[in-house]
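Q: quick one, what's the 3D model for this:
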Amino acid sequence: MRAIVTLLLLLASLASAAADESKVRVGPIDAVLTVPPGVPKPPVALLIAGSGSTDHDGNGPKLKPATLKKLSEQLVARGIATLRYDKRGAGGWKKEFGRPEDFRFKDFVDDAASLIEYLRASGQFSRLNVVGHSEGGLVALLAVQRAPIDRLVLLATASRKQGDLLKAQLEKQLPPEKYAPIGKAIDDIMAGQIVDPPPAGLAIAPSMQPGMASAFNEDPIDAMKKITGPTLIIAGGRDRQLPRVDLLALTAADIAAKSLWLPDMNHVLVDVTDEADDVASYNQPDRPLDPTMIDAVAEFISHE
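A: Numbers count the residues shown, from 1 in each chain. Predicted structure coming up:
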């Protein structure tokens, strides 16, 4: 099995090397468009990264799993073009984005919608698809309501508001006396209040709290209920950030959606064996993605 995976990675690398890769700018957004060689009017997938200052490879300042880069390589090897981009804040905050304290979650949605429209207007592609990873799944759910697409893929995407999810994650990690003030502060921020000073362990400056509130309060279930096109939802059993209930809730919100549960896959879409292996994978950019996940996404996007 390992030899087969190694061969697939080699083939993907060769295909990526031969692909037509170009840098594009759409408004203030820097992106990378990769088109498979010899495929007239291929389908295209807009890849939307997860939370943080994440670049077009799926890397942040501290964690570098290269999730989007690896996904792009595998999709291009299967005849699917990709567009991946630097989120606001990746590599520093550009003046074109305005003041950081004026950021709202809708700005992420605006960016994704503008990229969808760019791909649609280019006329280069047979079908337009969106693949959102983690928080990128929420961005995708909101963006496709404004800019219609053909198919939607959600990878390791939460069904709960981000504020509620963060509270659940921290409550599992922290002793009750440390969690209590943090949980209350998150509730206050979600209610539109400014928490000054924020409690120890919640490093959200008062000036940035309105922007965080806009992210904390978006409801993926409400957005999911409005999706009308074909949707594929994939999640993993070794994802320490999201339990299976999130997959089930998203699927229940759209009974027409397809879903796939991969027992060994973690949050950055690789197979791991235990918690130590999971932690290590967040800084292993050459580690292969779950092959079943890749095949499922490629088949779903390519299906007529």
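
Q: break down the stretch 51-200 of the chain into its strands, ranges please.
A: Here the stretch 51-200 of the chain has its strands, by DSSP state E, counting those that start in this stretch, at 81-85, 128-133, 151-155.

Q: distance to residue 195 added to those strands, as a markdown table?
A: The C-beta positions use only the backbone N, C-alpha and C, and glycine is treated the same way. What follows is the strands of the stretch 51-200 of the chain, written out as a markdown table (distance: least, CB to CB, whole Å):
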| stretch | distance to residue 195 |
| --- | --- |
| strand 81-85 | 32 |
| strand 128-133 | 29 |
| strand 151-155 | 31 |
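
Q: distance to residue 44, mean pLDDT and mean neighbour count added to the ones you listed, as JSON lines?
A: Formatted as JSON lines, the strands of the stretch 51-200 of the chain follow (distance: least, CB to CB, whole Å; pLDDT from 0 to 100; neighbours: other CB atoms under 10 Å):
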{"stretch": "strand 81-85", "distance to residue 44": "4", "mean pLDDT": "98", "mean neighbour count": "26"}
{"stretch": "strand 128-133", "distance to residue 44": "6", "mean pLDDT": "98", "mean neighbour count": "27"}
{"stretch": "strand 151-155", "distance to residue 44": "11", "mean pLDDT": "98", "mean neighbour count": "26"}
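
Q: what residue of the chain is the furthest out?
A: Distance from the centre of the chain peaks at residue 177, with 32.6 Å (CA atoms, centre = their mean).

Q: and it, how far is that from residue 200?
A: 11 Å (CB to CB, to the nearest Å).

Q: mind listing what residue 203 touches?
A: Taking CB atoms under 8 Å, 6 or more residues apart in numbering, we find residue 203 in contact with no residue.

Q: from residue 195, how far off is it?
A: 12 Å.

Q: try residue 48
A: 29 Å.

Q: looking only at neighbour counts, state which of the two leads.
A: Between residue 48 and residue 195, counted using other CB atoms under 10 Å, residue 48 has the larger neighbour count: 31 against 18.

Q: is that one in a bridge, and if so with what?
A: residue 132 (DSSP bridges).

Q: residues contacting it?
A: With CB under 8 Å, 6+ apart as the criterion, the residues that contact residue 48 are 112, 130, 131, 132, 133, 136, 137, 139, 140, 143.

Q: and the pLDDT for it?
A: We have a pLDDT of 98 for residue 48.

Q: same thing with residue 194?
A: 98.

Q: run a quick neighbour tally on it.
A: A count of nearby residues for residue 194, using other CB under 10 Å, gives 12.

Q: I'd say it and residue 211 touch.
A: No - using CB atoms under 8 Å, residue 194 makes no contact with residue 211, being 11.9 Å away.

Q: quick one: end-to-end length of stretch 57-77, please.
A: The straight-line separation of the ends of stretch 57-77 (CA to CA, to the nearest Å) is 17 Å.

Q: what mean pLDDT does it have?
A: On average, the pLDDT along stretch 57-77 is 97.

Q: packing partners of the helix or strand residue 299 falls within?
A: Element membership of residue 299, judged by DSSP states H and E, is helix 291-302. Contacts defined by 3 or more CB pairs under 8 Å, 6 or more residues apart in numbering; DSSP states H and E place helix 291-302 against helix 67-77, strand 128-133, strand 151-155, strand 231-236, strand 258-262.

Q: mind doing that once more with 6 Å?
A: With contacts taken as 3 or more CB pairs under 6 Å, 6 or more residues apart in numbering; DSSP states H and E, helix 291-302 sits against strand 258-262.

Q: for the strand it packs on, packing partners?
A: strand 231-236, helix 291-302.

Q: buried ones in it?
A: Within strand 258-262, the residues scored as buried using 16 or more other CB atoms under 10 Å are 259, 260, 262.

Q: skipping its backbone neighbours, what lies nearest the spatially most central residue of the chain in space?
A: Nearest to the geometric centre of the chain sits residue 133, at 2.2 Å (CA atoms, centre = their mean). With sequence-adjacent residues excluded and distances taken as CB to CB, 6 or more residues apart in numbering, residue 133 is closest to residue 155, at 4.6 Å.

Q: again, but for residue 97
A: Going by CB to CB, 6+ apart, residue 97 has residue 88 as its nearest residue, at 5.3 Å.

Q: correct me if wrong: that neighbour contacts residue 99.
A: No - assessed by CB atoms under 6 Å, residue 88 is found out of contact with residue 99, at 11.9 Å.
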